[in-house]
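Asker: Show me the folded form of this:
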Amino acid sequence: MAWERHFNRLRRIYRDQQEQARLAQVELARAAAGHSAAQGYTKTSAEILQQTRRRQERKSQLYLRRLHVAKLYSQQHPSAARAVEELGVPGMSSDDSDHESGEGTARYAIVSKDWRSGEVTELLRLLDALHLRLRYGNGWNATSGAWPHLRLVSYKSSTRAAVKGLPKNFYARKFLVSLTQEAFDELHLIEQILPVGIPDGLRVRRFPVL
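Answerer: Here you go, the predicted structure:
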């Protein structure tokens, strides 16, 4: 039901906020222990918190952009918007930057979510490509707005727990079979699948990863 989906999204947002606060505390503890030092420099607590906020802001913007595009293409892919909503902000991949100071060229390495199925990731990449097509079109004449930050595929994997309560096809099979029975039960996955396959008419040539 609609109210249940809305409640679940609010619960995921709350969990993500709690996780963000926890990670910030972990970063602070690491800094205090000297593990964040680079070339003799240790980040201050304020710098660590600012870096965490920036990362979460990029993740939230990525979610909103993908949801916006999914709604624009709702006729071509009726379930895309709901898929993004089900994932919520916690279901988006975060990224690490070597450029948090704001100087030089930004490089963002995607921290992949190994629990997420390949077809879901493919849908999200499609939404990124469609966003670029909307922004630049065939003539590459940009509309107003900032260029989305360039996200590069990396071998980094997220250590965050999988988002719970998603349709079964949102989870990678390899991830599911790796779970203990207890962990599988706690995942509360939904057996009914939500179609996320890409219609042929929506397939676009590859663009840089956003």
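Asker: what about the strands in the chain?
Answerer: Remark: strands assigned in the chain by DSSP state E are 94-97, 108-111, 151-152.
Asker: So for the shortest one, mean pLDDT?
Answerer: In other words, strand 151-152. Averaged across strand 151-152, pLDDT comes to 63.
Asker: i'd like the first residue to be 703 from this point on
Answerer: With 703 as the first residue, the last one maps to strand 853-854.
Asker: So, low pLDDT: which residues of this protein?
Answerer: 703-745, 749, 797-809, 839-857, 906-912 (pLDDT under 70).
Asker: same thing but 90
Answerer: Residues of the chain that meet the criterion pLDDT under 90 lie in 703-761, 795-814, 827, 830-862, 900-912.
Asker: What segments of it are helices?
Answerer: Remark: helices assigned in the chain by DSSP state H are 704-735, 747-774, 782-789, 820-838, 875-880, 883-889.
Asker: give the contact list for residue 785.
Answerer: By C-beta atoms under 8 Å, 6 or more residues apart in numbering, residue 785 lies in contact with 772, 822, 825, 872, 896, 898. From N, CA and C alone the C-beta is placed, and that goes for glycine too.
Asker: and the third one, how far is that from residue 884?
Answerer: When distance is defined by C-beta to C-beta, to the nearest Å, residue 825 is 30 Å away from residue 884.
Asker: again with the last one
Answerer: Using C-beta to C-beta, one gets 28 Å for the distance from residue 898 to residue 884.
Asker: Looking at those two, which has the bigger crowd around it?
Answerer: Neighbour totals were compared for residue 898 and residue 884, and residue 898 leads with 23 against 8 (other C-beta atoms under 10 Å).
Asker: Run through the residues that contact the more buried one.
Answerer: Contact analysis of residue 898 by C-beta under 8 Å, 6+ apart lists 781, 782, 785, 821, 822, 825, 871, 872.
Asker: Out of those, who's the most crowded?
Answerer: Neighbour counts for the contacts of residue 898, by other C-beta under 10 Å, peak at residue 782, which reaches 28 neighbours.
Asker: can you pull the contacts of the residue nearest to it when sequence neighbours are not counted?
Answerer: Spatial nearest neighbour of residue 782, excluding adjacent residues (C-beta to C-beta, 6 or more residues apart in numbering): residue 772 at 3.9 Å. Neighbour list for residue 772: 779, 782, 783, 785, 786, 829 [criterion: C-beta under 8 Å, 6+ apart].
Asker: what do you get for residue 779?
Answerer: Counting by C-beta under 8 Å, 6+ apart, residue 779 touches 772, 825, 900, 901, 904.
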